[in-house]
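# from the sequence below, what's the structure:
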Amino acid sequence: MAQFPSLPLWVAAYLADTPHLSDAEHGRYLKLLMTMWRTPGCRLPNDRRWLARHFQRSEPEIETDWMPLVEEFCQTDGNWLTQRRLTKEFEFCQRQSDRSKSRWNKGKSACAPAYAPTPTPTP
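Okay, here's the model as predicted:
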């Protein structure tokens, strides 16, 4: 399961950035974003064979149909593919998760003493 099962999608920003895409390209791009969101570090290997296997396509299909989308919307450091806005949302979700866990743990430790006294029975 993904670290964050819900992908925030800012519809206005998405539509503003992608009006030139065909319906098929929209599907491929969204599948690319969703796959990236589910992988550790919110990034994909920059490897045509890996992409072909995970998107159930041939390597030539990856090259002709998927790589133009990757080149237009993604960044690479040579080894990994990332998408700037998706990475920003992932980091925001990570910070919010860390803050929530911190608040939860702080509240739990304040309520539970290190030892629990044994109650004295009342006659």
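# and stretch 78-97, C-alpha only, in PDB?
Provided in PDB are the C-alpha atoms of stretch 78-97 (Å, rounded to 0.1, in the frame of the first residue of the first chain):
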ATOM      1  CA  GLY A  78      19.800  10.700 -14.500                       C
ATOM      2  CA  ASN A  79      18.700   7.900 -12.300                       C
ATOM      3  CA  TRP A  80      15.200   8.900 -11.200                       C
ATOM      4  CA  LEU A  81      12.100  10.600 -12.700                       C
ATOM      5  CA  THR A  82      10.200  13.100 -10.500                       C
ATOM      6  CA  GLN A  83       7.400  15.600 -11.100                       C
ATOM      7  CA  ARG A  84       8.000  18.900  -9.300                       C
ATOM      8  CA  ARG A  85       4.400  19.600  -8.100                       C
ATOM      9  CA  LEU A  86       3.900  15.900  -7.100                       C
ATOM     10  CA  THR A  87       7.100  16.000  -5.000                       C
ATOM     11  CA  LYS A  88       5.900  19.200  -3.400                       C
ATOM     12  CA  GLU A  89       2.600  17.600  -2.400                       C
ATOM     13  CA  PHE A  90       4.300  14.500  -1.200                       C
ATOM     14  CA  GLU A  91       6.600  16.500   1.100                       C
ATOM     15  CA  PHE A  92       3.600  18.500   2.400                       C
ATOM     16  CA  CYS A  93       1.800  15.300   3.200                       C
ATOM     17  CA  GLN A  94       4.900  13.900   4.900                       C
ATOM     18  CA  ARG A  95       5.200  17.000   7.100                       C
ATOM     19  CA  GLN A  96       1.500  16.900   8.000                       C
ATOM     20  CA  SER A  97       1.800  13.200   8.900                       C
END
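# how far does the longest helix anywhere in the chain sit from its chain's centre?
For the chain, the longest helix by residue count, based on DSSP state H, is helix 84-111. Between the centre of helix 84-111 and the centre of its chain there are 15 Å (CA atoms, centre = their mean, to the nearest Å).
# buried residues in that helix?
L86, E89, F90, C93 (16 or more other CB atoms under 10 Å). Heads up, the C-betas are built off the backbone N, CA and C, glycines and all.
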